[in-house]
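1. here is the input, now give the coordinates:
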Amino acid sequence: MYFILIMGPAGSGKSTLTAAFSQWIEDHQMSVAKVNLDPAAEVLPYVPDVDVRRYVRTYDIMIKEGLGPNGALVASVDLLINYVAELVEEIYETRSNYVIVDMPGQLEIVAFRRIGPQLIKELTKGCKVVSLFLTDARLVAQPASAFSILLLMLSTLYRMDIPIIPVVNKVDLIASKETLEKDPTILEDSVYLFKMLRDDYSCLEVGALSYYIDSDVSAGLCRILKQVVGDAVPVSAREFYGLDELYANVQQVLAGGEDYLTEEPSGVL
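-> Prediction:
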């Protein structure tokens with residue numbers, strides 16, 4: 001059983017990618033379970049096979065404890081640790097090869113609180129895990145925002161201690177699916193993050209763009225990020241663009257580079 005955690009800033013399209021990627025896997029005749037780990041979710045674009053809202057709902061906590069939305073979300077995520085055994089049992093009952101986990105909308109609730117890494121560790125015990133760090137293409141189009149998102153991803157990597165694949169979603173808002181299929185390099189001109197991660201990109205440019213941070217420090221951080229992050233995968237969950245490349249990257253981590261190796265046969269792959 002392989003776990004794929006979909007995490008990232010609010011509004012990056014985690015639930016939409018959960019729906020699209022699980023559909024892609026099913027279309028390729030492989031089994032997948034969809035897990036909603038967000039107790040604050042109200043409407044989902046997929047039917048979860050395992051849903052934490054059976055045990056904890058943020059709205060109920062807000063009413064019962066008299067908390068605001070953010071306080072109730074923190075409390076409800078903390079409460080999930082009490083239901084790990086039930087969640088694990090439900091997941092294994094699906095007998096699925098892949099388990100896609102739709103993480104809570106607020107990244108910091110899971111990644112930067114003590115209970116978050118513990119919850120994920122208990123949930124995925126004994127299984128191979130990869131996380132997809134999702135971001136909106138428009139959010140990383142400019143140098144400062146691209147650099148900031150990569151630093152956030154690096155912080156998440158250190159906190160969660162799980163292999164991370166950077167995924168840039170909503171690329172259809174930059175160019176149409178047809179245009180991207182003809183010339184995918186167009187993203188390097190429109191989205192700074194892709195340009196920055198290119199092998200031939202000079203980190204001295206980042207240093208030159210830094211107004212409040214020493215240029216040598218910025219250039220050094222850039223080199224570290226390029227070394228740690230590698231390439232980002234462009235996708236459009238809405239248009240089903242880039243999901244084959246995303247799957248190949250997931251397999252590179254989960255199956256040690258064995259392309260399309262799974263525990264189950266597929267008549268498509």
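
2. helices or strands next to the helix or strand residue 217 falls within in the packing?
-> In this structure, residue 217 sits in helix 215-229 according to DSSP states H and E. For helix 215-229, the elements it packs on are helix 143-160, helix 192-197, helix 204-209, judged by 3 or more CB pairs under 8 Å, 6 or more residues apart in numbering; DSSP states H and E. Just so you know, the C-beta spots here come from the backbone N, C-alpha and C atoms, and that holds for glycine as well.

3. and the second one, how far from the chain's centre?
-> This points to helix 192-197. Distance, stretch centre to chain centre, for helix 192-197: 18 Å (CA atoms, centre = their mean, to the nearest Å).

4. what angle separates the strand or helix carrying residue 6 from helix 143-160?
-> For residue 6, the element it lies in under DSSP H and E is strand 2-7. Note on geometry: by axes from the mean of the first three to the mean of the last three CA atoms, to 10 degrees, strand 2-7 and helix 143-160 are set 140 degrees apart in direction.

5. pick the most buried one from the helices and strands packed on helix 215-229.
-> helix 192-197 (a mean of 22; mean count of other CB atoms under 10 Å).

6. pLDDT of that helix, averaged?
-> Average pLDDT, helix 192-197: 87.

7. contacts for it next, please.
-> Identification of contacts with helix 192-197 by CB atoms under 8 Å, 6 or more residues apart in numbering yields 135, 140-143, 145-147, 149-150, 166, 168, 187-189, 201, 206, 222, 225-226, 229-232, 234.

8. follow-up on the earlier one: distance to residue 7 added to the helices and strands packed on helix 215-229, as JSON lines?
-> Converted to JSON lines, those look like this (distance: least, CB to CB, whole Å):
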{"stretch": "helix 143-160", "distance to residue 7": "7"}
{"stretch": "helix 192-197", "distance to residue 7": "17"}
{"stretch": "helix 204-209", "distance to residue 7": "25"}
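
9. closest one to residue 98 among those helices?
-> Residue 98 sits nearest to helix 143-160 of all those, at 19.0 Å, using CB to CB.

10. relative to helix 215-229, how tilted is that closest one?
-> Here helix 143-160 runs at 50 degrees with respect to helix 215-229, directions being taken by the same axes, to 10 degrees.

11. related to what we said a few turns ago, list the buried residues in the helix holding residue 217.
-> Neighbour counts over helix 215-229 (16 or more other CB atoms under 10 Å) mark 218-219, 221-222, 225-226, 229 as buried.

12. need those in a markdown table with distance to residue 82 and pLDDT, can you?
-> Output for the buried residues of helix 215-229, formatted as a markdown table (distance: CB to CB, whole Å; pLDDT from 0 to 100):
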| residue | distance to residue 82 | pLDDT |
| --- | --- | --- |
| 218 | 44 | 79 |
| 219 | 47 | 82 |
| 221 | 39 | 83 |
| 222 | 42 | 84 |
| 225 | 37 | 84 |
| 226 | 41 | 84 |
| 229 | 35 | 82 |
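
13. distance between the longest strand along the chain and the chain's centre?
-> Among the segments of the chain that qualify as a strand by DSSP state E, the longest is strand 128-136. On the basis of CA atoms, centre = their mean, strand 128-136 sits 3 Å off its chain's mean C-alpha point.

14. for it, name the packing helices and strands.
-> Under the contact definition 3+ CB pairs under 8 Å, 6+ apart, strand 128-136 sits against strand 2-7, helix 14-27, helix 143-160, strand 164-169, helix 243-254.

15. could you report the neighbour count for residue 79?
-> Other residues lying near residue 79 total 16 when counted by other CB atoms under 10 Å.

16. mind checking the backbone torsions on it?
-> Main-chain torsions, residue 79, degrees, to the nearest 10: phi -70, psi -20.

17. fine by me, thanks again.
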